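Q: Okay, structure incoming, though there's no sequence with it:
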């Protein structure tokens, strides 16, 4: 068996890490940057923390801040046009998953213009050229888009999210600076933290997992279990730990895949506008229960990471149940919704959600094969 792992060329971690950005740009002989972010970060001074550094280094820049949650095709195309007009040589993706995914799509299409429709990038994208260089700068501790070969775009015409998998989109540099994460509102810390936990658990139990991805995912689960509650309440050390945990599992899941939680969460975003991490939080414990008998001994490790006593010695069925309960308890403690009816889903929406989830690129990575009937039953159980 041969395994492939693709990582950033360079990563910086810790408070003040953004100071490395000008040197990384200048070291490549580049002088013009294009910053992709969202309106909040453009208005609240976060983007200025980056552009002030660029100014001091004599690097010219432009900002595209018209990014929307669950980024739609139209915003990618608008950003692409603005990037081309700017004459910039390098992109900086600043924000959570939406700005960074928009940035990565712009990068890839700028170097592969035959994909300007964006829709043709779905799945294993058949691009030929590496994207325009990207520096990924997360302001949330969740998606790890700064280190993945994936990005997610919304087909607004058909109310569906689709995943693009492409080694040509991975940022050349990742800058994980928790100084940019402290100001996240609690609700965002919760949602992005549950997204990170979902990445770690799905990456740990997917059939594509192996020794290196297991090491990364399990360490991330341990860090999230110990820090997410404290980070949500504003503890700065826990915020820093969550930023690192998200990056660690991003290196893994990007290469080995995800599963049914993501397959079912994407339609909740595409059809109901649900924030991705919030949707993952609703689904994670129920789908873990659905998968339990197909995960070998790995739920023991998850239970142990959450501090379950005797997780290593109790009967396997009990350890599996304890892992599910620990995740469910964390979700409830954080105040994340636990029913899809809380985000506007009713009986009339189940059929479309089921079809989208069954066809989602993440669903085949689930350890337990899921039929349409299984997916429908799971959605119905959460009404």
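A: Great, that's in hand. Only a predicted model underlies this, so the values are computations on that prediction, with no experimental measurement involved. Residues are numbered from 1 along each chain as shown.

Q: give me every residue that touches residue 202.
A: 253, 257-259, 261-262, 365 (Cβ atoms under 8 Å, 6 or more residues apart in numbering). (Glycine included, C-beta is placed from N, CA and C.)

Q: Kindly indicate which of those lies nearest residue 165.
A: residue 257 (8.9 Å; Cβ to Cβ).

Q: ok, now how distant is the closest one from residue 182?
A: Applying Cβ to Cβ, to the nearest Å, the value for residue 257 to residue 182 is 32 Å.

Q: When these two are compared, which one has more neighbours?
A: Neighbours per residue (other Cβ atoms under 10 Å) separate residue 257 from residue 182, with residue 257 holding more: 22 against 15.

Q: Nearest spatial neighbour of that one, chain-adjacent residues omitted?
A: residue 365 (3.7 Å; Cβ to Cβ, 6 or more residues apart in numbering).

Q: Was I right to think the one you found contacts residue 205?
A: No - using Cβ atoms under 8 Å, residue 365 is not in contact with residue 205, being 9.5 Å away.

Q: With neighbour numbers in mind, choose between those two.
A: Neighbour count, other Cβ under 10 Å: between residue 365 and residue 205, residue 205 has more, with 26 against 22.

Q: ranges for the strands of this structure?
A: 10-13, 32-36, 60-64, 90-95, 123-124, 134-138, 150-155, 160-165, 173-176 (DSSP state E).

Q: so can I have JSON lines of those showing distance to residue 290?
A: Listed next are the strands of the chain as JSON lines, based on distance: least, Cβ to Cβ, whole Å:
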{"stretch": "strand 10-13", "distance to residue 290": "35"}
{"stretch": "strand 32-36", "distance to residue 290": "37"}
{"stretch": "strand 60-64", "distance to residue 290": "41"}
{"stretch": "strand 90-95", "distance to residue 290": "33"}
{"stretch": "strand 123-124", "distance to residue 290": "24"}
{"stretch": "strand 134-138", "distance to residue 290": "30"}
{"stretch": "strand 150-155", "distance to residue 290": "23"}
{"stretch": "strand 160-165", "distance to residue 290": "21"}
{"stretch": "strand 173-176", "distance to residue 290": "33"}
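
Q: before we move on, the earlier item: show only the entries of the contacts of residue 202 found in helices.
A: 253, 261-262 (DSSP state H).

Q: okay, those in CSV with neighbour count, distance to residue 117 and pLDDT next?
A: Output for the ones in helices among the contacts of residue 202, formatted as CSV (neighbours: other Cβ atoms under 10 Å; distance: Cβ to Cβ, whole Å; pLDDT from 0 to 100):
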residue, neighbour count, distance to residue 117, pLDDT
253, 32, 27, 97
261, 28, 29, 98
262, 30, 24, 98
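
Q: Could you report the distance from the residue nearest to residue 257 to residue 354?
A: Applying Cβ to Cβ to residue 365 and residue 354 gives a distance of 18 Å.

Q: and if you look at residue 55?
A: 51 Å.

Q: same question, residue 59
A: In terms of Cβ to Cβ, residue 59 sits 49 Å off from residue 354.

Q: okay, the two: which has more neighbours?
A: Neighbours were counted for residue 59 and for residue 354 using other Cβ under 10 Å; residue 354 has more, 22 against 19.

Q: which ones are touching the more buried one?
A: Per Cβ under 8 Å, 6+ apart, neighbours of residue 354: 372, 375-376, 379.

Q: give me every residue that touches residue 154.
A: Residue 154 sits in contact with 70-73, 160-162, 269-270, where contact means Cβ under 8 Å, 6+ apart.

Q: Repeat the analysis, applying 10 Å as the threshold.
A: 68-76, 98, 101, 118, 160-162, 266, 269-271, 273 (Cβ atoms under 10 Å, 6 or more residues apart in numbering).

Q: Return the distance of stretch 154-172 from the chain's centre.
A: 12 Å (Cα atoms, centre = their mean, to the nearest Å).

Q: mean confidence score for that stretch?
A: Averaging pLDDT along stretch 154-172 gives 94.

Q: Tell me the buried residues in that stretch?
A: 154, 160-166, 168-172 (16 or more other Cβ atoms under 10 Å).

Q: quick one: residue 272 and residue 379 touch, right?
A: No - using Cβ atoms under 10 Å as the test, residue 272 is too far from residue 379 to be in contact (11.9 Å).

Q: Common neighbours of those two, please.
A: Common neighbours of residue 272 and residue 379 (Cβ under 10 Å, 6+ apart) are 340, 345, 349, 353.

Q: Next, the contact list for the third one, please.
A: Yep, that's residue 349 we're talking about. Per Cβ under 10 Å, 6+ apart, neighbours of residue 349: 267-268, 271-272, 340, 379, 383.

Q: Residue 325 reaches residue 308, doesn't it?
A: Yes - with contact defined as Cβ under 10 Å, residue 325 reaches residue 308; the gap is 8.5 Å.

Q: So for the two, which residue has more residues nearby?
A: residue 308 (20 against 16).

Q: In this structure the more buried one contacts residue 327, no?
A: No - counting by Cβ under 10 Å, residue 308 does not reach residue 327; the two are 11.1 Å apart.

Q: Spit out the residues that contact those two alike.
A: residue 302.

Q: More neighbours: which of residue 272 and residue 379?
A: residue 379 (23 against 16).

Q: So the closest residue to residue 371 other than its chain neighbours versus residue 52, what's the distance?
A: Closest residue to residue 371 apart from its sequence neighbours, by Cβ to Cβ, 6+ apart: residue 358 at 7.9 Å. Residue 358 is 48 Å from residue 52, where distance means Cβ to Cβ.

Q: Over to residue 207?
A: 47 Å.

Q: Going by residue numbers, what spans are helices in the stretch 1-150 of the chain?
A: For the stretch 1-150 of the chain, applying DSSP state H, counting those that start in this stretch gives helices covering 21-26, 39-43, 46-56, 73-86, 97-111.

Q: go on, the stretch 251-383 of the chain?
A: 260-272, 276-291, 298-305, 316-334, 350-359, 372-381.
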